[in-house]
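J.: this one's structure only:
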């Protein structure tokens, strides 16, 4: 059962990161003209990058922390029910749910690595955008 849960977790994490990337890529591509206008008004490129970082932290960061909190509460409430479903006297070895802190750390490490990878991809995408040409796009 542990192998199936691990494989399912990895597949779901990859799907979440792909959805995260698709959302942010579409968002940044659609706002290229806005970034060009902000640059034309005198905003520095670093300030635009920081604005995007803050936006991602507020949108994605809050969602991630809420998911960790809700998942932890749900896990504490419902995972012990698995012990009552399986008759421990008939299974060898007996079924027991034992949460280990190292498992949580591995889980958070995988989430961190995947988010860091997504941020690197977004950073490269933002660097490739020619914001100075965005105003020319808006005129057409």
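T.: Received, thanks. Please read these numbers as outputs of a predicted model, since none were measured by experiment.

J.: helices and strands of the protein: which one has the lowest mean pLDDT?
T.: Scoring the helices and strands of the chain by mean pLDDT, DSSP states H and E places helix 134-139 at the bottom, with a mean of 58.

J.: What distance do you get for residue 36 to residue 45?
T.: 11 Å (Cβ to Cβ, to the nearest Å). All C-beta atoms are positioned from the backbone trio N, CA, C, and that covers glycine.

J.: ugh, wrong one, I meant residue 34
T.: Applying Cβ to Cβ to residue 34 and residue 45 gives a distance of 14 Å.

J.: try residue 108
T.: From residue 108 to residue 45 the distance is 32 Å (Cβ to Cβ).

J.: swap in residue 113?
T.: Per Cβ to Cβ, residue 113 is found 27 Å from residue 45.

J.: And for residue 52?
T.: From residue 52 to residue 45 the distance is 11 Å (Cβ to Cβ).

J.: Looking at these two, which one has more neighbours?
T.: residue 52 (18 against 14; other Cβ atoms under 10 Å).

J.: Which strand or helix spans that one?
T.: Per DSSP states H and E: residue 52 is located in helix 45-56.

J.: Return the residues in contact with residue 21.
T.: For residue 21, the contact set (Cβ atoms under 8 Å, 6 or more residues apart in numbering) comprises 118, 121, 122.

J.: Narrow those residues to those in helices?
T.: The members of the contacts of residue 21 that map onto helices under DSSP state H are 118, 121, 122.

J.: As CSV, these with pLDDT, distance to residue 79 and neighbour count would be great.
T.: Output for the ones in helices among the contacts of residue 21, formatted as CSV (pLDDT from 0 to 100; distance: Cβ to Cβ, whole Å; neighbours: other Cβ atoms under 10 Å):
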residue, pLDDT, distance to residue 79, neighbour count
118, 81, 29, 19
121, 84, 34, 15
122, 81, 34, 19
